[in-house]
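>>> take this sequence and fold it.
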Amino acid sequence: MQAYKLNATIDESGNLIIHEPLNLAPGAVEVIILQPVPSLESSRENQIQSQPEKQKRIVECSIPILKEWLESTEPTPSDFDPDQAKWEYLREKHNL
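Numbers count the residues shown, from 1 in each chain. Modelled structure (predicted):
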């Protein structure tokens, strides 16, 4: 299947108007329309800018990529019980 990228507009009555001449053989075609949504993109940018900066964790690790990943994660809560977490995992895994 051959693909073409064209610029077009939709007029007031909802008709698609292609601005470039196109030489295609007669027959059925599949049309995919991608319309940019500027308000959505700008709202994402505003959300990103409004989020407060997180403090980076300081982690000692000799592997740079692992250190970077660990610094971007959240620390474990102070009331975290590893034994309880293991039990909950095994209970769920084995349907107990």
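
>>> name the element Glu92 belongs to?
helix 82-93 (DSSP states H and E).

>>> same thing with Thr9?
strand 8-10.

>>> so what secondary structure elements neighbour that strand?
strand 16-18 (3 or more CB pairs under 8 Å, 6 or more residues apart in numbering; DSSP states H and E). Glycine gets a C-beta too; all of them are placed from N, C-alpha and C.

>>> contacts for the strand it packs on, please.
If you take CB atoms under 8 Å, 6 or more residues apart in numbering as the criterion, strand 16-18 is touched by 6-11, 31, 33.

>>> now with 6 Å?
Here strand 16-18 makes contact (CB atoms under 6 Å, 6 or more residues apart in numbering) with 6, 8-11.

>>> check stretch 62-71 too.
By CB under 6 Å, 6+ apart, the list of residues contacting stretch 62-71 from outside reads 56-57, 59, 61.

>>> for that stretch, what is the average pLDDT?
Mean pLDDT, stretch 62-71: 90.

>>> just the CA trace of it, in CSV.
Output of stretch 62-71 as CSV, limited to C-alpha atoms (Å, rounded to 0.1, in the frame of the first residue of the first chain):
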residue,chain,number,x,y,z
SER,A,62,28.8,2.7,40.9
ILE,A,63,26.5,2.1,37.9
PRO,A,64,25.5,5.6,36.5
ILE,A,65,22.3,4.6,34.8
LEU,A,66,21.1,2.7,37.9
LYS,A,67,22.0,5.6,40.1
GLU,A,68,20.0,8.0,37.9
TRP,A,69,17.0,5.7,37.9
LEU,A,70,17.1,5.2,41.7
GLU,A,71,17.3,9.0,42.2
